[in-house]
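S.K.: Structure for the following, please:
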Amino acid sequence: MSSTYKTYLVGGAVRDQLLGHPFSDYDWVVVGATPEIMLDAGFRPVGQDFPVFLHPKTGEEYALARTERKSGQGYGGFTFHTSPDVTLEQDLIRRDLTVNAMAMDSDCQVIDPYGGQRDLAARLLRHVSPAFVEDPMRVLRVARYAARYHRMSFTVAPETMALMRELAESGELQALTAERSWKEISRALMEPNPEIFIRVLHDCGALAELLPEVDRLFGVPQPKTHHPEVDTGEHLLLVLHTAALMQLPLPARWACLLHDLGKGLTDPAHWPKHHGHETKGIAAVKAVNKRCKVPRDCQDLALLTCEYHTHCHRALELKPGTLLKLFKAFDIYRRPERFEQFLGTCEADARGRTGLENEPYPQADYLRAAAQAARDVNVESLLAQGLEGAELGKGLEREREKAIADFKAAFTHN
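M.R.: Below you'll find the predicted structure:
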């Protein structure tokens, strides 16, 4: 491109360079150019709403400097304007946070018109302008940044939390598409401190709008003997924190988030007990899965974990027949990875309790070994006996239950 047009590195790449935080995405803004100039330079257009181009060699995104104006509801309700006259400062002011509204030129000089470096130093996530409230997706994004940078002592500025609360109360969050919401939620759950994402959403009122079934858990008591933290919502945050420490995959973290939804449905007259919360929660988990258009692997694990997590906690008490039914529900023979994720989720649940964070969880290894005993049953010997069809299935079940019983007896003896 001609030297009369200037290119700047912007957004997260600048923020994370200044923080010394690892990053992989490079976003660029081009000031003073037109689509024709970009095309002549070999860039490939990809933007539908506004001109974004891919670099012919690196594949990185280059966007023409633009301004935007609110023109409707939700994330997509904006009109964009690009021209060579749009300045870098005008482009930066439309961004969400001051720490994301910085640019870096080709000499590595930082352009910081809105105090991003000051807020980096103060460890504050602060909005750039009052236009923050025009995009409801920013509520989720700020909560996700809070989860990512919590280890570096970042917090959300009180005045920004006030705007997030305003957005939550406005009903604008209902205009977000399930796909966009899930993208932010799933990314946030994989951050180093996913519990902070839920905490921030709860504190600003957005959790009640987006995931009311989860929000309902806050303030619901549990027996102090089993749950020293008492509050079910606080327990949930501890479980998510533990899941991240254990580096559990996304389906397991989603299951952690939803495993106790049934406790939010207990009649307060029965508090702090929650008999039958496992089956009570199934319909709520299904509703959240459907509303958020959750991927199938996350859906399935969340449902199974909701129904069977207390089975895991009581594993050493379960009869061989009950263990066999548990293994069948998880299809351990064809889906061993799903059962392994379930065990991780249950361990996070057990250790996500105040003062019990470092307690051992022998149930996981016990169930792993019992499951392997069931898997080791050889179908060939049954075929050799001439069994087939339904009889073969019954014979296989019988042999698997016997293998589990033998394992249990040996375990108990030792």
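
S.K.: which residues in this protein form strands?
M.R.: Residue ranges of the strands in the chain, as given by DSSP state E, are 6-10, 27-31, 44-45, 52-54, 61-64, 66-70, 78-82, 103-104, 110-111, 124-125, 155-156.

S.K.: would you list those strands in CSV and tack on mean pLDDT and distance to residue 287?
M.R.: (C-beta placed from N, C-alpha, C; glycine too.) Rendered in CSV, the data for the strands of the chain read as follows (pLDDT from 0 to 100; distance: least, C-beta to C-beta, whole Å):
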stretch, mean pLDDT, distance to residue 287
strand 6-10, 95, 40
strand 27-31, 95, 37
strand 44-45, 92, 41
strand 52-54, 93, 36
strand 61-64, 93, 37
strand 66-70, 76, 31
strand 78-82, 72, 31
strand 103-104, 98, 44
strand 110-111, 98, 47
strand 124-125, 98, 31
strand 155-156, 98, 29
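
S.K.: Now those in TSV, please, with extra columns for distance to residue 219 and mean neighbour count.
M.R.: Compiled in TSV, the strands of the chain are given as follows (distance: least, C-beta to C-beta, whole Å; neighbours: other C-beta atoms under 10 Å):
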stretch	distance to residue 219	mean neighbour count
strand 6-10	42	20
strand 27-31	41	21
strand 44-45	51	12
strand 52-54	45	20
strand 61-64	44	21
strand 66-70	35	15
strand 78-82	37	15
strand 103-104	44	22
strand 110-111	45	15
strand 124-125	26	22
strand 155-156	22	20
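
S.K.: closest one to residue 172 among these?
M.R.: Comparison of the strands of the chain against residue 172 by C-beta to C-beta identifies strand 66-70 as nearest, at 10.5 Å.

S.K.: and the angle for the closest one with strand 27-31?
M.R.: Inter-element angle recorded for strand 66-70 and strand 27-31: 100 degrees (by axes from the mean of the first three to the mean of the last three C-alpha atoms, to 10 degrees).

S.K.: ok, strand 66-70: who's next to it in the sheet?
M.R.: Looking at strand 66-70 with DSSP bridges, its paired strands and their directions are strand 78-82 (antiparallel).

S.K.: picking up where we left off before, let me have the strands of the chain in TSV, extended by distance to residue 283.
M.R.: Shown next, in TSV, are the strands of the chain (distance: least, C-beta to C-beta, whole Å):
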stretch	distance to residue 283
strand 6-10	45
strand 27-31	42
strand 44-45	46
strand 52-54	42
strand 61-64	42
strand 66-70	38
strand 78-82	37
strand 103-104	49
strand 110-111	52
strand 124-125	36
strand 155-156	33
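
S.K.: Determine which of those strands approaches residue 276 most closely.
M.R.: Between the strands of the chain, strand 155-156 lies closest to residue 276; by C-beta to C-beta that is 37.7 Å.

S.K.: so where's the stretch 1-150 of the chain uncertain?
M.R.: Per-residue confidence of the stretch 1-150 of the chain (counting by pLDDT under 70) places the weak regions at 1-3, 49-50, 70-79.

S.K.: Mind doing that once more with 90?
M.R.: For the stretch 1-150 of the chain, the stretches flagged by pLDDT under 90 are 1-5, 23-25, 46-51, 66-85.

S.K.: just the helices in it please.
M.R.: Secondary structure of the stretch 1-150 of the chain (DSSP state H, counting those that start in this stretch): helices located at 12-19, 35-40, 88-93, 116-122, 137-149.

S.K.: nearest to residue 81, of the ones you listed?
M.R.: Closest among the helices of the stretch 1-150 of the chain, using C-beta to C-beta: helix 88-93, at 9.5 Å.

S.K.: Which residues in the closest one does the neighbour count mark as buried?
M.R.: Counting neighbours by 16 or more other C-beta atoms under 10 Å, one finds that the buried residues in helix 88-93 are 88, 90, 91, 92.

S.K.: Quick one: mean pLDDT for stretch 185-193?
M.R.: When pLDDT is averaged along stretch 185-193, the result is 98.

S.K.: Please export the C-alpha coordinates of it as CSV.
M.R.: Coordinates of the C-alpha atoms in stretch 185-193 are reproduced here as CSV (Å, rounded to 0.1, in the frame of the first residue of the first chain):
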residue,chain,number,x,y,z
ILE,A,185,-19.9,-18.2,27.5
SER,A,186,-17.8,-21.1,26.1
ARG,A,187,-14.7,-19.0,25.8
ALA,A,188,-15.2,-17.6,29.3
LEU,A,189,-15.6,-21.0,30.8
MET,A,190,-12.2,-21.9,29.4
GLU,A,191,-10.5,-18.9,31.0
PRO,A,192,-8.2,-19.3,34.0
ASN,A,193,-10.9,-18.1,36.4
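
S.K.: hmm, who's touching that stretch?
M.R.: The contact list for stretch 185-193 (C-beta atoms under 8 Å, 6 or more residues apart in numbering) reads 140, 143-144, 147-148, 150-151, 194, 197, 210, 240-241, 244, 250, 253-254, 257, 292, 298.

S.K.: Which strands and helices lie in contact with the lengthiest helix in the chain?
M.R.: Of all the segments of type helix in the chain, defined by DSSP state H, the longest one is helix 389-413. Using 3 or more C-beta pairs under 8 Å, 6 or more residues apart in numbering; DSSP states H and E as the contact test, the elements touching helix 389-413 are helix 320-330, helix 362-375, helix 379-384.

S.K.: in stretch 309-326, what's buried?
M.R.: Taking 16+ other C-beta under 10 Å as the neighbour-count basis, stretch 309-326 is seen to contain the buried residues 309, 311, 312, 313, 315, 318, 320, 323, 324, 325, 326.

S.K.: Looking at these, which is nearest residue 43?
M.R.: Using C-beta to C-beta, residue 309 is the member of the buried residues of stretch 309-326 that lies nearest residue 43, at 51.4 Å.

S.K.: So, low pLDDT: which residues of the stretch 201-350 of the chain?
M.R.: Along the stretch 201-350 of the chain, segments meeting pLDDT under 90 are nowhere present.

S.K.: Any chance of CSV for the helices and strands packed on helix 389-413, columns distance to residue 112?
M.R.: Supplementary listing: these in CSV, determined by distance: least, C-beta to C-beta, whole Å:
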stretch, distance to residue 112
helix 320-330, 52
helix 362-375, 49
helix 379-384, 68
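
S.K.: Could you count how many residues lie near the residue nearest to residue 277 when sequence neighbours are not counted?
M.R.: With C-beta to C-beta, 6 or more residues apart in numbering as the measure, residue 262 is the residue that lies nearest to residue 277, at 3.4 Å, once sequence neighbours are left out. Residue 262 has 24 neighbours, counted by other C-beta atoms under 10 Å.
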